[in-house]
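Participant: predicted structure and sequence below. I'll ask about it afterward.
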Amino acid sequence: MAEVYSRRSFMVGTLSTGLLSSGAGYLLARHEPVQLTLVTGGEPTGGGRSLLITLWNQLNPDIHIDTKVVPSTTYDQYEKFQATDADIFNLDLIHIPRFVAEDRIAPITPGADISLLAQVRQVCEVKDGSGRLWAIPFNSDVGMLFRRIADKRVADPEPELRDVLSLPGFIGQLDTVGPQTDEAFVINVLEHALAQDPLILDPEGILSTSLSQWQNALKPLAEAMASGRITTNPSEEDTIRQFRQENLRYMRNWPVWFPSVDREERARPTTAEIRLGRLPVGILGGQSLAVSKDTRHREAAEKVIDFLTDTAAQKLLATYGFAPPGLDAYIDEELKVTAPHLALVRTAIEGSRPRPMHPRYPVFAQHFKDHTFAYLHRGDPLTQQFVKDIQGDLK
Amino acid sequence: MSWPGMQGWHISIYVTVAVLVIQFIVDQVLKRVYTTKEDEPLAPQPTPQALNRQLGGKRLRTIILSLLGVVAVPLFAVSVLGPTLADQLAGATGTGLGTLTLWLAWQTHKESQRLADYLGERAANDRRSGTGTPPR
């Protein structure tokens, strides 16, 4: 019976058991690494979002995010996003209704811990009472007023947006040179109109269709522009450059730029600090992550979105200047110390209004810009056609 | 600490290799121990019936090992193309084990051939010497 217990028999038994179990494991339980494509616009602050994505890739070798960046304006992003077969879209707020109408994205159930601010949640949620969102906010944004302080000892009461129209040294994105800069112009005009008449755009993003209301709301801005008291610039980045070069006093911009503007301006002898103030009613901005309806890796895509949008991620993005969309980052003790301006950003977001959330928003924005640009820059009257066009576009 | 990319089927491969290596080392040690002692008494000569059973077992083992090796070698060879280092190492190791299985199948086949020849020869000798099973 020595044969039964020979070395070869032992090897045969070991090999058979080992190969059968690992072969079965390989065939039945092996999971192929998933490659997800995330399309996004460029990153203004130089790193927060890409750092999060790098972290994910290092911690999760089985689900790799391949980022495709479209370093251009929001309208270009839409065109490029449409042409890709990405698994995750980082959508500007205004594109969410279009992607929903075109059946390109699928609703997601948000993570339990993100406690979104009401204004931010409202523009992303599926209106069926399920609590699901069309896209999970990655970062938020809201128009704000930057002001240069030359001497901290001098009292400097915070002015309102309508007050700065009569003061020298205000700059905003109140010019446009083409489709690339139209959106910033539309947002700025809406904010000035809201500064005069908060009812012109309601919290649901529904615009007034009263011509006289629009005429009254835009008249002070038209007069300030005609008088040359205020400076206009088509782009947000160029506005910052001009604000610096001409040592201007006030600037309308997004809070995401605040840390870098404050840091650079403080280095100048003419500036003690830059202070941030809220607009009476700012326009809500921001980007949100949506899962493509056509993705073959929905579960993996949702895991990635959970990671990129949870409270820890929001806190990290806040250190890069992004406005967090959730409450937890705003009440975080460390962030209160390192980024005290976030308290103002929160109140600005809570008092903000969304742009009309409509699939035909780009058409509306084009008409809105055409009419208001002619009125503000060429002095053409604002006629009933303006109201008719925007009403028709948002029907 | 976890090794990035490690999957369940990798563990079976490494456990198998570990068992074979440990067995090899123990075997070498025991060989040295027993060569210093007196020879073991010879095992009793198996009966022709026992040898026939062994031949059947060896043929069955050859078939099973061949099948296992034929499946394992291409399966694990493909996994060498996997994206992670863990995949590549486990794939290479699994392919090695599959090759070892095929080699064992070949050795078992040769052994069973030898045994079959021996049994055939023994039956012929028995017939010649008249000690075989008497015809009915």
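Facilitator: Thanks, I have the structure now. Residues are numbered from 1 along each chain as shown, chains lettered A, B, ... in the order given.
Participant: so which elements touch whatever helix or strand residue A:307 lives in?
Facilitator: In the assignment (DSSP states H and E), residue A:307 maps to helix A:298-309. Identification of packing neighbours for helix A:298-309 by 3 or more Cβ pairs under 8 Å, 6 or more residues apart in numbering or on different chains; DSSP states H and E yields strand A:34-41, helix A:48-59, strand A:63-70, strand A:88-92, strand A:136-142, strand A:284-292. To be clear about C-beta, it is placed using only N, CA and C from the backbone, and glycine gets the same treatment.
Participant: as TSV, those with mean pLDDT and distance to chain B would be great.
Facilitator: As requested, those are exported to TSV (pLDDT from 0 to 100; distance: least, Cβ to the nearest Cβ, whole Å):
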stretch	mean pLDDT	distance to chain B
strand A:34-41	92	9
helix A:48-59	92	8
strand A:63-70	91	9
strand A:88-92	94	20
strand A:136-142	95	26
strand A:284-292	95	23
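Participant: same list (these) but as CSV, adding mean neighbour count.
Facilitator: Shown next, in CSV, are the helices and strands packed on helix A:298-309 (neighbours: other Cβ atoms under 10 Å in any protein chain shown):
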stretch, mean neighbour count
strand A:34-41, 20
helix A:48-59, 17
strand A:63-70, 17
strand A:88-92, 26
strand A:136-142, 26
strand A:284-292, 25
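Participant: closest one to residue B:92 among these?
Facilitator: When the helices and strands packed on helix A:298-309 are compared by Cβ to Cβ, strand A:63-70 sits nearest residue B:92, at 22.8 Å.
Participant: relative to the closest one, what are the paired strands and their orientations?
Facilitator: Paired neighbours of strand A:63-70 in the sheet (DSSP bridges): strand A:34-41 (parallel).
Participant: distance between the partner strand and the chain's centre?
Facilitator: Using Cα atoms, centre = their mean, to the nearest Å, the mean C-alpha position of strand A:34-41 is found 17 Å from that of the whole chain.
Participant: now do stretch A:239-250
Facilitator: Between the centre of stretch A:239-250 and the centre of its chain there are 24 Å (Cα atoms, centre = their mean).
Participant: what's in contact with it?
Facilitator: When contacts are defined by Cβ atoms under 8 Å, 6 or more residues apart in numbering or on different chains, stretch A:239-250 is touched by residues A:145-148, A:159, A:164, A:167-173, A:231, A:233, A:251-253, A:257, A:261, A:264-265, A:268, A:270-271.
Participant: neighbours around residue B:74, how many?
Facilitator: With neighbours defined by other Cβ atoms under 10 Å in any protein chain shown, the count for residue B:74 comes to 11.
Participant: distance of it from chain A?
Facilitator: Taking Cβ to the nearest Cβ, to the nearest Å as the criterion, residue B:74 is separated from chain A by 11 Å.
Participant: okay, and that residue sits in which element?
Facilitator: With elements taken from DSSP H and E, the one containing residue B:74 is helix B:48-79.
Participant: what's that helix packed up against?
Facilitator: Applying 3+ Cβ pairs under 8 Å, 6+ apart, we find helix B:48-79 packed against helix A:7-29, helix B:85-129.
Participant: give me the buried subset of the contacts of stretch A:239-250.
Facilitator: Burial of the contacts of stretch A:239-250 was assessed by neighbour count (16 or more other Cβ atoms under 10 Å in any protein chain shown); the buried members are A:145-148, A:159, A:164, A:169-173, A:231, A:233, A:251-253, A:257, A:261, A:265, A:271.
Participant: which stretches in the stretch 51-200 of chain A count as strands?
Facilitator: Counting by DSSP state E, counting those that start in this stretch, the stretch 51-200 of chain A forms strands over residues A:63-70, A:88-92, A:105-106, A:136-142, A:144-149, A:170-172, given from the N-terminal end onward.
Participant: thought residue A:131 was touching residue A:107?
Facilitator: No. Contact status for residue A:131 versus residue A:107: not in contact, 9.7 Å apart, counting by Cβ atoms under 8 Å.
Participant: these two: which is more packed in?
Facilitator: Legend: neighbour count by other Cβ under 10 Å for residue A:131 and residue A:107, higher for residue A:107 (18 against 11).
Participant: once you drop chain neighbours, what's closest to that one?
Facilitator: Nearest-residue entry for residue A:107: residue A:132, 4.0 Å, with adjacent residues in sequence omitted and distances by Cβ to Cβ, 6 or more residues apart in numbering or on different chains.
Participant: wait, doesn't the one you found sit right on residue A:108?
Facilitator: Yes. Here residue A:132 lies in contact with residue A:108, judged by Cβ under 8 Å, at a distance of 6.3 Å.
Participant: those two: who's more crowded?
Facilitator: Set residue A:132 next to residue A:108 and count neighbours by other Cβ under 10 Å: residue A:108 wins out with 23 against 14.
Participant: next up, the contacts around the residue in chain B positioned nearest to chain A.
Facilitator: Relative to chain A, the nearest point of chain B is residue B:16 (2.6 Å; Cβ to the nearest Cβ). Contacts for residue B:16 were tallied using Cβ under 8 Å, 6+ apart; they are A:14, A:15, A:17, A:18, A:19, A:22, B:97.
Participant: for the helices and strands packed on helix A:298-309, which one sits closest to residue B:55?
Facilitator: Distances from residue B:55 to each of the helices and strands packed on helix A:298-309 were compared by Cβ to Cβ, and the smallest falls on strand A:34-41, at 51.4 Å.
Participant: give me the nearest residue to the residue nearest the centre of chain B, chain neighbours excluded.
Facilitator: For chain B, the residue whose C-alpha lies nearest the mean C-alpha position (Cα atoms, centre = their mean) is residue B:104; its distance is 4.3 Å. Setting aside the residues directly before and after it, residue B:104 is nearest to residue B:65 in space (Cβ to Cβ, 6+ apart), at 5.5 Å.
Participant: tell me the contacts of the one you found?
Facilitator: Contacts for residue B:65 (Cβ under 8 Å, 6+ apart) come out as A:12, A:15, A:16, B:101, B:102, B:104, B:105, B:108.
Participant: so for residue 17, what's the pLDDT?
Facilitator: Looking at chain A here, since you left the chain open. Turning to residue A:17, the model gives it a pLDDT of 88.
Participant: I was after chain B.
Facilitator: According to the per-residue confidence, residue B:17 scores 91 in pLDDT.
Participant: which helix or strand lies directly C-terminal to the helix or strand in which residue A:369 is found?
Facilitator: Following DSSP H and E, the helix or strand that holds residue A:369 is helix A:361-373. The C-terminal neighbour of helix A:361-373 among helices and strands, as given by DSSP H and E, is helix A:384-393.
Participant: returning to that earlier point: now the strands of the stretch 51-200 of chain A in CSV, with distance to residue B:72?
Facilitator: Conversion of the strands of the stretch 51-200 of chain A to CSV gives the following (distance: least, Cβ to Cβ, whole Å):
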stretch, distance to residue B:72
strand A:63-70, 29
strand A:88-92, 38
strand A:105-106, 41
strand A:136-142, 45
strand A:144-149, 65
strand A:170-172, 70
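Participant: closest to residue A:54 out of those?
Facilitator: The closest of the strands of the stretch 51-200 of chain A to residue A:54 is strand A:63-70. By Cβ to Cβ, the value is 9.0 Å.
Participant: in the helix holding residue B:74, what's buried?
Facilitator: Neighbour counts over helix B:48-79 (16+ other Cβ under 10 Å) mark B:51, B:54-55, B:58-59, B:61-62, B:65-66, B:68-69, B:71-73, B:75-76, B:79 as buried.
Participant: now it: average pLDDT?
Facilitator: pLDDT averaged over helix B:48-79 equals 87, rounded to a whole number.
Participant: chain B contacts on the stretch 151-300 of chain A?
Facilitator: Proximity of the stretch 151-300 of chain A to chain B is assessed by Cβ under 8 Å from any Cβ of the partner chain, with no residue identified as in range.
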